[in-house]
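J.: pasting the sequence and the predicted coordinates here, then a few questions.
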Amino acid sequence: MEEKSLITKIQEAAAYIRSKYTGQPEIGLILGSGLGVIADLVENPVVIEYQDIPHFPVSTVEGHAGELLLGTVAGREVLLMKGRFHMYEGYGVDTVSFPVRVMKELGIGSLLVTNAAGGVNTSYQAGDLMLIRDHINFTFRNPLIGPNFSELGVRFPDMSEAYSKRLREAAKAVAAEQGIRLQEGVYIGLLGPSYETPAEIRMMRTLGADAVGMSTVAEVIVARHAGLEVLGFSCISNMAAGILDQPLSHEEVMETTERVKQKFLQLILGIIPKM
């Protein structure tokens, strides 16, 4: 992608969003499968369909709505993506992470990412919430490959603190106040869309992963490149293959996220003022 085309696309998408919303969003939120309920917290939302935003892709996955909401949550102005894009839908890694570039252009300073993930750590159980401490990029794709535009970020961004320690400490404090059991671990991102085999899950556990999913990693790499502070949560929607003697299904993912949504909403409401 040439310099002019990427920068121009970012600017045009941001200009369209600004034409619909006069406020100044401070925090970006990207919501995973079944976690769109957080959108219910947004006060007086301005809703923009992805299909109306120049150069935005469109989400094709059940449980992902495909709209942008701008408004206020807990006294902070937010831009919330209800539905994200995945490489398994056929999108390139740069397309999947494009909305994060637009968030930065709009003046957002921090990003909250959520996902539904399979539990790899055998001490976890379905319905747990996991604070993401770090990630392993098993998609083997990086959104920064190609020409680097210095106005977007440095050529070789540091990833030693991909997920902000400051925000993680704040999240742990909020969870403790609310009496919510919060796991903390490493998220491993794969391409999907097939679920992993039991042998793959054993490998991932050996590598130090605690939860597995098909999103988040590319968005976080771009967010760090853009200088955004990142906080991430996985909802452990099922135990990964081979841990329990049962097949995996997207229906189970949706059922579990529905069950934990109140706890999750409460946690997010407590954290947003601290971001």
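T.: Received the coordinates, thanks.
J.: quick check: end-to-end length of stretch 136-143?
T.: With CA to CA, to the nearest Å applied, stretch 136-143 spans 15 Å between its terminal residues.
J.: got the buried residues for that stretch?
T.: I136, N137, F138, T139, R141, P143 (16 or more other CB atoms under 10 Å). (Each C-beta comes from the backbone N, C-alpha and C, glycine too.)
J.: could you give the average pLDDT over that stretch?
T.: Averaged over stretch 136-143, pLDDT sits at 97.
J.: who's in contact with that stretch?
T.: Stretch 136-143 is contacted by residues 87, 93-94, 96-97, 186-191, 204, 207-209, 217-218, 221-222, 225 when judged by CB atoms under 8 Å, 6 or more residues apart in numbering.
J.: how about the strands in the stretch 101-250 of the chain?
T.: Using DSSP state E, counting those that start in this stretch, the strands of the stretch 101-250 of the chain run over 110-119, 129-137, 182-189, 211-213, 229-239.
J.: tell me what angle the longest one forms with strand 182-189.
T.: With axes from the mean of the first three to the mean of the last three CA atoms, to 10 degrees applied, the angle from strand 229-239 to strand 182-189 works out at 90 degrees.
J.: I'd like the next helix or strand past strand 229-239.
T.: Beyond strand 229-239 on the C-terminal side, the first helix or strand identified by DSSP states H and E is helix 250-271.
J.: buried residues, that following helix. List them.
T.: 250, 252-254, 256-257, 260-261, 263-264, 267-268, 270-271.
J.: what stretches of this protein score poorly on pLDDT?
T.: Along the chain, segments meeting pLDDT under 70 span 1-4, 59-65.
J.: tell me the contacts of the residue of it most remote from its centre?
T.: Most distant residue from the mean C-alpha position of the chain: D245, 29.1 Å away (CA atoms, centre = their mean). Neighbour list for D245: empty [criterion: CB under 8 Å, 6+ apart].
J.: torsion angles phi and psi at it?
T.: Backbone torsions of D245, given as degrees, to the nearest 10, read phi -90, psi 70.
J.: swap in F85?
T.: Per degrees, to the nearest 10, the backbone of F85 is at phi -110, psi 150.
J.: look up how far P198 lies from it.
T.: Per CB to CB, to the nearest Å, F85 is found 29 Å from P198.
J.: between these two, tell me which one has more neighbours.
T.: The neighbour count for F85 versus P198, taken as other CB atoms under 10 Å, is higher for F85 (28 against 11).
J.: let's have the buried residues of helix 250-271 in TSV, adding distance to G109.
T.: Formatted as TSV, those follow (distance: CB to CB, whole Å):
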residue	distance to G109
H250	34
E252	36
V253	31
M254	32
T256	32
T257	27
V260	28
K261	27
K263	27
F264	23
L267	21
I268	17
G270	19
I271	15
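J.: from these, which two are the most distant?
T.: Spanning the widest gap among the buried residues of helix 250-271 are H250 and G270, at 29.1 Å by CB to CB.
J.: wait, what's in contact with R205?
T.: Counting by CB under 8 Å, 6+ apart, R205 touches V120, N121, T122.
J.: most neighbours of all the residues you listed, which one?
T.: Within the contacts of R205, neighbour counts (other CB under 10 Å) peak at V120, which reaches 28 neighbours.
J.: ok, the residue nearest to I272 when sequence neighbours are not counted - contacts?
T.: Nearest non-adjacent residue to I272, counting by CB to CB, 6 or more residues apart in numbering: A74, 4.5 Å away. Neighbour list for A74: L41, L269, I272, P273 [criterion: CB under 8 Å, 6+ apart].
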